[in-house]
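[1] for reference, the sequence and a predicted model appear below.
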Amino acid sequence: MGAENLENHRIARDTLGEIKVPKDAYYGAQTQRAVENFPISGLRLPRAFIRAQAIIKRSAAIANRDTGQIEEKKANAIIQAAEEVMEGKLDEQFVVDAYQAGAGTSQNMNANEVIASRASEILGGERGDWTKVHPNDDVNMAQSTNDTIHVAINIAVAEELHRQLYPALEKTIQALEEKAEEFRPFIKSGRTHLQDAVPMRLGQSFDGYAQSIKNAYDAVKLAEPFLYEIGLGGNAVGTGINSHPEYSDRAIKAVSESTGLGFQQPKNRFSFMQNTGAAIRVSHALKEIAIHLIKVSSDFRLLSSGPRTGIAELNLPPVQPGSSIMPGKVNPVIPENLYMICSQVIGNDTCVSTAGIGSQLEINPMMPIIGYNVLQSITILSTGMDTFTERCIKGIEPNESRMSELMENSLALATALNPKIGYEKAAEIAKESFRTGKTVREIILERGIMSEKEAADLLDPENLV
């Protein structure tokens, strides 16, 4: 290594020996080994996860201090350092790739080393000097990767549901409900199998959209309580080895105080250690949201298609030019964007499911990628829904003349004749309408099946919905 590189590095040590670490890094040898071993994607576990790790380290220090396992001065330095990490002041020090060592040992040590170095500085020491605060003996006291990474997933997901997802869902549902009310007067042709069906109100379609998203919202709410069972204190396998008998309850209480959420002991700590069940449940619920959002966004694309050669019953707000070659073309880019996002969420759930299968004996080694994917799904769904709501739903306008035109020409209007002339004769009229291009109304008047007034009453859109 040249002189310039030597000036920019220090020597760090772990149980495998010495390794060069960037001079200004708060992390140490184990983090550096992970950086060198896993130069995979450049992706990192997100800020929400780092915050959750710091909440755990802070809570552990409080519990260990209050049970007399660590001296107060040292514990308080760890608490202060952890709080700085919670606030995002040291985010650049979390450098381990999302695709890393099994279970997240590298991620856990990244947090331990950063907090130990910062706590050492607070006590007058230097970065990487473990004589004042040790990453394993002090910051990681009474913990293991198995409980801390697992618990960090639950904390981060629970917080992000409340911070991001729920507000986005509520805004989307509200916007759809408002459009349902606004569009209630407009009557259009229904469609099943992409074929003409009986008339319905445009507002009824939007009622259906809103309720579908509400149902998916309820599915997340049903999954959420499982996140609050955290096995902090179970450490490696659930037995709580090397921890004070009161540690677990005290640490979990501190987590609840930090988050304002009701975390508690799991019903069975050994089951918690073996499985990432809560994250899997939430991921499945996020997939359900994605499926329903794809349906809504796809309907918007189809109903706005044209504008001259498609259905064109809806006018979506134009947000950008749609073609590099066709002047004046405007595409449904916001619904398309949401479809892409939802496709990623569905893919993420497949990844989470596959990683969930990776649980063996007392641990799931695939926890980092489970955490990464669930948190990414929450983020992109939330921001995607916000964009969809603000830049699409709120600006949708109905094309009333087009709806009336298509409904008047719908073969499904023959359905209204069933009570008068029966299904088979009504089918004949529908076929003739299709063959000749005449409307159902024109044919029944030509055949003298009923008077003009009777036809008008029978086919009055208000009487058909």
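    The structure has been received and is ready for your questions.
[2] skip the chain neighbours and tell me the closest residue to the residue most central in space within the chain.
    Centroid-nearest residue in the chain, with C-alpha atoms, centre = their mean: I378, separated by 1.9 Å. The shortest distance from I378 to any non-neighbouring residue, by C-beta to C-beta, 6 or more residues apart in numbering, is to E160 (4.7 Å). C-beta: built from backbone N, CA, C; applies to glycine.
[3] can you name the next helix or strand after the one helix or strand the one you found maps to?
    Assigned by DSSP states H and E, E160 belongs to helix 145-160. Next in sequence after helix 145-160, counting helices and strands by DSSP H and E, comes helix 166-182.
[4] show me where the stretch 101-250 of the chain dips below the pLDDT cut-off.
    Residue ranges of the stretch 101-250 of the chain with pLDDT under 70: none are present.
[5] could you chop this structure up by domain?
    Structurally, the chain divides into domains by automatic domain parsing as follows: 30-141, 147-401, 409-464.
[6] deepest in the core, which of these is it.
    Of all the domains of the chain, domain 30-141 has the most neighbours on average by mean count of other C-beta atoms under 10 Å, namely a mean of 21.
[7] contacts only, for the closest residue to E400 other than its chain neighbours.
    Nearest residue to E400, sequence neighbours excluded (C-beta to C-beta, 6+ apart): F186, at 5.8 Å. Going by C-beta atoms under 8 Å, 6 or more residues apart in numbering, F186 touches R201, L202, G203, P398, E400, M403.
[8] show the backbone phi and psi for the residue lying closest to the fourth one once chain neighbours are set aside.
    Pointing back at P398 there. Among residues not flanking P398 along the chain, F186 sits closest, at 4.9 Å (C-beta to C-beta, 6+ apart). F186 adopts backbone torsions of phi -90, psi 130, taken as degrees, to the nearest 10.
[9] what's the answer for the one 5 residues further on, then?
    In terms of degrees, to the nearest 10, the main-chain angles of R191 are phi -140, psi 130.
[10] tell me the contacts of it?
    Contacts of R191 by C-beta under 8 Å, 6+ apart are A197.
[11] which strand residues sit across from it in the sheet?
    With DSSP bridges as the criterion, R191 is bridged to D196.
[12] roughly how far does E405 sit from A312?
    Separation of E405 from A312 (C-beta to C-beta, to the nearest Å) stands at 10 Å.
[13] hang on, the earlier thing: and the gap between the residue nearest to E400 and N215?
    Using C-beta to C-beta, F186 is found at 25 Å from N215.
[14] can you pull out the strands in the chain?
    Along the chain, the segments classed as strands by DSSP state E run 9-14, 17-22, 187-192, 195-201, 314-315, 397-398.
[15] just tell me which of these ends up closest to F94.
    F94 lies closest, by C-beta to C-beta, to one member of these: strand 17-22, at 13.7 Å.
[16] what about the closest one, average pLDDT?
    Per-residue pLDDT values over strand 17-22 give a mean of 96.
[17] tell me the strands beside it, with direction?
    With DSSP bridges as the test, strand 17-22 is paired with strand 9-14 (antiparallel).
[18] identify each buried residue in the strand it pairs with, please.
    Using 16 or more other C-beta atoms under 10 Å as the test for burial, strand 9-14 gives H9, A12, D14.
[19] so which elements touch the biggest helix by length in the chain?
    When the chain is parsed with DSSP state H, its longest helix is helix 277-303. Applying 3 or more C-beta pairs under 8 Å, 6 or more residues apart in numbering; DSSP states H and E, one finds that helix 277-303 contacts helix 145-160, helix 202-223, helix 333-356, helix 367-391.
[20] dump those helices to JSON lines, plus distance to A180.
    Formatted as JSON lines, the helices and strands packed on helix 277-303 follow (distance: least, C-beta to C-beta, whole Å):
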{"stretch": "helix 145-160", "distance to A180": "29"}
{"stretch": "helix 202-223", "distance to A180": "4"}
{"stretch": "helix 333-356", "distance to A180": "18"}
{"stretch": "helix 367-391", "distance to A180": "14"}
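[21] so which of these comes closest to E446?
    The minimum distance between E446 and these falls on helix 202-223, with 30.9 Å, by C-beta to C-beta.
[22] who's in contact with that closest one?
    Applying C-beta under 8 Å, 6+ apart, the external contacts of helix 202-223 come out as 161, 165-166, 169-170, 172-173, 176-177, 179-188, 278, 281-282, 284-286, 288-289, 291-293, 295-296, 299, 313, 398, 403, 465.
[23] quick check: angle from that helix to helix 277-303?
    Between helix 202-223 and helix 277-303, the angle comes out at 170 degrees (axes from the mean of the first three to the mean of the last three C-alpha atoms, to 10 degrees).
[24] quick one: helix 202-223 to helix 145-160, angle?
    If you take the same axes, to 10 degrees, helix 202-223 sits at 150 degrees to helix 145-160.
[25] am I right that S41 is in contact with A98?
    Yes - counting by C-beta atoms under 8 Å, A98 is a contact partner of S41 at 6.2 Å.
[26] got the confidence number for the residue nearest to the centre of the chain?
    I378 is assigned 98 on the pLDDT scale.
[27] can you check E87 too?
    In this model, E87 is scored at 97, pLDDT.
[28] verify the stated contact: A98 with Q376.
    No - the pair A98 / Q376 is not scored as a contact, 9.2 Å apart, by C-beta under 8 Å.
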